[in-house]
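Q: Need a 3D model of the following:
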Amino acid sequence: MARTGSADLPLHGGSVPRWLADRMTALGSVLTQAIVLEYGRDEFLRRVAHPFWFQSLGCVMGMDWHSSGITTSVIGALKRGLTPIADELGIYVCGGRGRHSRKTPEELAYVGERTGLDGAKLAADSRLVAKVDGACVQDGFELYLHGFFVTKEGRWTVVQQGMNGNRKLARRYHWLSQGLESFVEEPHAAIEGEPVGEIVNLVDARARRVRSAQVELIKEGPDRIMAELARIEEHAPRARKEKETAQAVLPFPGTAETHAARAAAADLGATARSPYMRLPMRHHMTSRDVVMRRLHAALAAAHERGPVDFTDVLATPGVGARTLLSLALVAEVVHGTPSRFSDPARYSLAHGGKDGHPYPVPLKVYDETIRVMKRAVDAARIGRSDRLFAIRRLDDEARKIERSAKDLEGPRFDEFLDGERTRSHEYGGKTVFGDAAAPTRSGKLAG
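A: Sure, this is the predicted structure:
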């Protein structure tokens with residue numbers, strides 16, 4: 001078993017409005033079904049276990065592109081959307097935030113009853129993963145969310161998140177079950193992030209003697225523990241100096257750019273060092289957050305492949321050029337290779353963000369995306385895969401264009417955003433602050 005990656009995110013409060021939560025539930029369900037139909041349950045687990053893909057999924061769902069709230073809202077949406085079809089799909093989502101996380105053992109016991117899996121063993125694994133990141137790895141973040149994804153074959157992924165209130169940061173941890181050997185010695189592929197104070201890693205191989213000493217102290221009782229504490233206090237200055245060279249600490253090498261580049265070249269869930277993602281505190285999005293060549297390729301694919309594939313297969317009233325762009329980005333979330341998720345902010349250009357960044361959520365486009373994907377998945381389940389294939393062609397075309405075209409042309413990032421904001425009211429644009437307004441005569445947006 002290995003932790004497959006981590007992410008540091010700005011800590012945001014607030015809640016997801018019902019109009020978005022319902023759509024996230026519908027889109028999350030249909031995207032999961034598409035992935036399972038095309039690639040299987042194990043591939044879905046591997047993707048959830050990758051921090052860049054998980055963030056991209058939250059962005060394409062219309063959540064705030066850089067917020068810690070993506071973790072809670074995505075897990076909640078997937079749980080709501082997949083629970084009614086869990087037995088058929090073979091994927092169960094347990095846990096969640098706060099009180100929901102504490103129900104994980106009970107929910108896993110239920111999964112065991114439904115599938116014949118050892119629910120008690122799954123619950124024990126869940127608790128151990130939480131203990132490792134919450135107690136054995138002391139990095140300044142207190143866990144408050146624990147999501148457990150398990151298939152009917154018994155393989156699982158855990159996504160959990162911790163909070164550092166002083167720094168207003170959240171850290172998300174991703175785990176993938178594979179080749180489990182030990183929970184207490186080197187269970188992580190790597191743990192990366194910006195250091196916050198003193199960091200202790202008791203599951204490091206170099207901490208083996210520390211773990212053994214702890215067990216012996218517990219066996220000998222409280223008197224021995226108190227005696228050792230007194231001795232430590234007496235020799236504290238010397239102990240601190242020795243600890244600087246002897247204590248097992250977490251590695252924090254490189255920069256966010258280095259990690260993003262490494263993640264872009266790595267396979268999902270199989271990195272030499274697990275990918276680390278760090279997103280900025282600012283709300284507004286800039287061209288630096290997006291690989292423009294990929295955006296232009298998606299725009300070109302929607303323009304070129306759309307008329308070819310969707311005329312006979314998917315084209316119905318309402319599926320216009322704007323919906324095709326969203327479908328191109330959705331297709332990438334379903335079919336894209338790992339390197340394409342190094343700029344997760346780009347996927348928020350499909351359906352905007354609830355706080356208005358990069359622009360209001362276009363409800364009409366969002367609903368068309370859900371409808372088209374649902375029709376494609378429903379058809380594939382009865383053996384008609386032509387509609388899912390048409391959606392895959394959008395992703396294939398975008399990658400083909402990106403590889404073959406030396407100089408991709410397209411709108412500048414600011415121009416693209418200005419166009420989306422100007423037309424937002426036509427698409428049923430909405431944020432947590434209200435409906436998008438039409439531009440005034442001066443060209444400025446009202447309000």
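
Q: contacting residues around residue 11?
A: If a contact means CB atoms under 8 Å, 6 or more residues apart in numbering, then residue 11 has 68, 163-165, 168-170 as its contacts. Every residue, glycine included, has its C-beta placed from N, CA and C.

Q: among these, which are in strands?
A: When DSSP state E is applied, these are split such that 163-164, 169-170 fall in strands.

Q: Packing partners of the host helix or strand of residue 94?
A: Secondary-structure assignment from DSSP states H and E places residue 94 in strand 91-97. Where contact means 3 or more CB pairs under 8 Å, 6 or more residues apart in numbering; DSSP states H and E, strand 91-97 is packed against helix 69-82, helix 104-115, strand 142-151.

Q: May I see the ones you listed arranged in JSON lines, with mean pLDDT, mean neighbour count and distance to residue 95 as well?
A: Supplementary listing: the helices and strands packed on strand 91-97 in JSON lines, determined by pLDDT from 0 to 100; neighbours: other CB atoms under 10 Å; distance: least, CB to CB, whole Å:
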{"stretch": "helix 69-82", "mean pLDDT": "96", "mean neighbour count": "23", "distance to residue 95": "8"}
{"stretch": "helix 104-115", "mean pLDDT": "96", "mean neighbour count": "18", "distance to residue 95": "4"}
{"stretch": "strand 142-151", "mean pLDDT": "95", "mean neighbour count": "23", "distance to residue 95": "5"}
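
Q: out of the ones you listed, nearest to residue 405?
A: Between residue 405 and the helices and strands packed on strand 91-97, the shortest separation by CB to CB is 31.8 Å, and it involves helix 69-82.

Q: Could you export the helices and strands packed on strand 91-97 as TSV, including distance to residue 437?
A: Formatted as TSV, the entries for the helices and strands packed on strand 91-97 read as follows, by distance: least, CB to CB, whole Å:
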stretch	distance to residue 437
helix 69-82	25
helix 104-115	44
strand 142-151	35
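
Q: most centrally placed residue in this protein?
A: residue 54 (2.0 Å; CA atoms, centre = their mean).

Q: So that one belongs to a strand, correct?
A: No - for residue 54, which was evaluated using DSSP: H, G, I helix; E, B strand; the rest coil, the result is helix, with no strand membership.

Q: so which of the helices and strands packed on strand 91-97 gets nearest residue 157?
A: Of all the helices and strands packed on strand 91-97, strand 142-151 comes closest under CB to CB, at 4.5 Å.

Q: and the angle for the closest one with helix 69-82?
A: Strand 142-151 and helix 69-82 are oriented at 30 degrees to each other (axes from the mean of the first three to the mean of the last three CA atoms, to 10 degrees).

Q: Let me see the contact set for residue 332.
A: By CB under 8 Å, 6+ apart, the contact set of residue 332 is 298, 340, 347, 395, 398.

Q: what do you get if the cut-off is 7 Å, keeping everything else the same?
A: 340, 395, 398 (CB atoms under 7 Å, 6 or more residues apart in numbering).

Q: Report the mean per-residue pLDDT for stretch 394-407.
A: Stretch 394-407 comes out with an average pLDDT of 84.

Q: Out of the ones in strands among the contacts of residue 11, grab the one that's most surrounded.
A: Using other CB atoms under 10 Å as the neighbour definition, the ones in strands among the contacts of residue 11 reach their maximum at residue 170, which records 25 neighbours.

Q: what's the pLDDT at that residue?
A: We note a pLDDT of 89 for residue 170 in this prediction.

Q: ok, and the most crowded of the contacts of residue 332?
A: The member of those surrounded by the most neighbours (other CB under 10 Å) is residue 398, with 28 neighbours in all.

Q: Could you say which helix or strand holds that one?
A: Remark: residue 398 resides in helix 386-404, with elements defined by DSSP H and E.

Q: Show me what that helix is packed against.
A: Helices and strands touching helix 386-404, by 3 or more CB pairs under 7 Å, 6 or more residues apart in numbering; DSSP states H and E, are helix 18-39, helix 292-310, helix 321-335, helix 363-381.

Q: For residue 150, find the nearest of those helices.
A: Within those, the stretch nearest residue 150 is helix 18-39; the backing value is 13.7 Å (CB to CB).

Q: Report the inter-axis angle for the closest one versus helix 386-404.
A: 90 degrees.

Q: Helix 18-39: how far from the chain's middle?
A: Taking CA atoms, centre = their mean, to the nearest Å, the mean C-alpha location of helix 18-39 is offset from the chain mean by 14 Å.

Q: Which SSE is immediately downstream of it?
A: helix 41-48.

Q: Give the buried residues for that next one.
A: Of the residues in helix 41-48, those scored as buried under the neighbour-count criterion (16 or more other CB atoms under 10 Å) are 41-42, 44-48.

Q: could you list every residue that touches the spatially closest residue to residue 325 that is not a sequence neighbour?
A: Excluding its sequence neighbours, the residue lying closest to residue 325 (CB to CB, 6 or more residues apart in numbering) is residue 302, at 4.7 Å. Contacts were defined as CB under 7 Å, 6+ apart; by that measure residue 302 touches 321, 324-325, 328, 394.
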